[in-house]
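Engineer: Take a look and give me a structure for this.
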Amino acid sequence: MPSDYRAVGFGEQPCLAVTRRVCELVSAPWSPDDDIRQVGEEPDYRFTLANERTFLSYVRTALAFFAAGTAILSFFDRVIGERALVVVIGSGLYALGLFTAASCYWRWRRLEMAMRQGKPLPFSVVPPVITGSLIVLAVIAFIGALIR
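Structural biologist: As a prediction, this is how the structure comes out:
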């Protein structure tokens, strides 16, 4: 077996990688220089699990935005008369899904770092952006339904 074949730990489970680089990519965090597990102290597992549940709820919310955008673009021409309004609303929901999906990991990471360092939890701009965007999209949908 070549020398670059080796067993490397992936969490608590060992894995056999074809090359060292592949295994490093699989087990490395997003930023190899900033391994979150090496910062501060291990927080209470309940807080870590709650943070992970919040992360997963953001992922579910992003999927719901994608599904709603697809439904609007596919079926709402009869409800909202103008195709342009349907495209704006559907695209807006897709954009919200993209924003939510893109920001959920970074939010999880910031909260995990704060907990590990014993700092106050940072403010997140995600909920106000989602709320404001949904209000704007709802007003556009309401106006579109009225002018039909």
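Engineer: low-scoring stretches of the protein, by residue?
Structural biologist: Applying pLDDT under 70 to the chain flags residues 1-35, 37, 81.
Engineer: swap the cut-off to 90 and go again
Structural biologist: The chain contains residues with pLDDT under 90 at 1-45, 47-48, 50-51, 74-86, 106, 108, 113, 121-122, 124, 141-148.
Engineer: all strands of it, in order?
Structural biologist: 6-10, 13-17 (DSSP state E).
Engineer: Lys119: neighbouring residues, count only.
Structural biologist: The number of residues packed near Lys119 is 10, by other Cβ atoms under 10 Å. All C-beta spots, glycine's among them, are computed from the backbone N, C-alpha and C.
Engineer: And it, how far from Ala95?
Structural biologist: For Lys119, the distance to Ala95 equals 31 Å [Cβ to Cβ, to the nearest Å].
Engineer: Check the gap between Cys104 and Arg148 for me.
Structural biologist: For Cys104 relative to Arg148 (Cβ to Cβ), the value is 35 Å.
Engineer: just checking, Leu73 touches Leu85?
Structural biologist: No. Using Cβ atoms under 8 Å, Leu73 makes no contact with Leu85, being 11.3 Å away.
Engineer: So for these two, which sits in the more crowded spot?
Structural biologist: A direct count of neighbours by other Cβ under 10 Å for Leu73 and Leu85 places Leu85 higher, at 20 against 17.
Engineer: which residues does that one contact?
Structural biologist: Ile140, Ala141, Ile143, Gly144 (Cβ atoms under 8 Å, 6 or more residues apart in numbering).
Engineer: Which residue, other than its chain neighbours, is closest to the second one?
Structural biologist: Looking back up the chat, that one is Ala141. Leaving aside its chain neighbours, Ala141 sits nearest to Ile89 (5.5 Å; criterion: Cβ to Cβ, 6 or more residues apart in numbering).
Engineer: and the one you found, how many neighbours?
Structural biologist: By other Cβ under 10 Å, neighbour count at Ile89 equals 22.
Engineer: could you measure it against Ala64, distance?
Structural biologist: On the measure of Cβ to Cβ, Ile89 and Ala64 end up 15 Å apart.
Engineer: which other residues reach stretch 113-130?
Structural biologist: Residues outside stretch 113-130 that contact it (Cβ under 8 Å, 6+ apart) are 36, 39-43, 47-48, 51, 58, 61, 96, 99-100, 103-104, 107, 110-111.
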